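K.L.:
Prediction below, plus the sequence it came from.
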Amino acid sequence: MRRLCRCGQEMNFGFRLVMFENKFQIDRVPIFECDSCDFYEVLPFVKPDLLDLLNQLKQQDVKGRVYFTEVNELADVLYELFRKWTKADSVLFEAMLEQHCEERINLLLDLYGCAQKMNDENWMKEIASRLATLSKFVKERQFMGAK
C-alpha cells in the first residue's frame, strides 16, 4: 500500500498506538507514516470507524487500552498480513491483501450461515457488520483499480 506524503516522499504503512485525551489508548491502528517529516495519518478506510470508537469510549468514559484489531475487521486482516509480510517478499502487499480479504469474507460468510442455522440474531448482526467493513473496502479498491 503506497501513498505520497505532503512533503513529496513515499509514506510507509504501519501500525501505531493512538492516545486520545490522555485517557484512551487505541493500539494497532493502521497508519501511513513519513520517515522524512514524521507526518502520519490514519488509513482513510478505517478512520470513520476509529472516530466512532473514540466517541463510544468517550461516552462510556472507559479508560485503558483497546486493540483496534479486535473491533475493526479490516484492521485485523491488515495486521495479520503485516506481521507475516516482509518487503523482501516477491508477492506484492496489495495482492496478498486482496487474497486475505477474500479468505476472511468467505470465513465470515460460513460463520453467518452457522449463526443463521442457530437463529442467533446477535451473532448474525455482529458478523454482518464485520462483513460490511471488509466488503466496502474490497469494493472501493476494485473501483479505484478500474479507473
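P.N.:
Perfect, I can see it now.
K.L.:
From now on I want contacts and neighbour counts done on CA atoms only, so please keep to that.
P.N.:
OK.
K.L.:
what packs against the strand or helix carrying residue 124?
P.N.:
Residue 124 is part of helix 121-146, with elements assigned from DSSP states H and E. Applying 3 or more CA pairs under 8 Å, 6 or more residues apart in numbering; DSSP states H and E, we find helix 121-146 packed against helix 73-84, helix 93-117.
K.L.:
What's the mean pLDDT across it?
P.N.:
For helix 121-146, the mean per-residue pLDDT is 84.
K.L.:
So what's the gap between it and the chain middle?
P.N.:
Remark: helix 121-146 is offset 11 Å from the chain centroid, using CA atoms, centre = their mean, to the nearest Å.
K.L.:
do stretch 39-50 as well
P.N.:
9 Å.
K.L.:
C-alpha coordinates for that stretch, CSV please?
P.N.:
Output in CSV follows, covering the C-alpha atoms of stretch 39-50 (Å, rounded to 0.1, in the frame of the first residue of the first chain):
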residue,chain,number,x,y,z
PHE,A,39,3.9,13.1,9.4
TYR,A,40,1.4,10.3,9.9
GLU,A,41,-2.2,9.8,9.1
VAL,A,42,-4.7,7.1,9.9
LEU,A,43,-5.6,4.8,6.9
PRO,A,44,-8.6,6.5,5.3
PHE,A,45,-10.5,3.3,5.1
VAL,A,46,-10.6,2.8,8.9
LYS,A,47,-10.7,6.5,10.0
PRO,A,48,-14.5,6.7,10.4
ASP,A,49,-14.5,3.5,12.5
LEU,A,50,-11.7,4.9,14.7
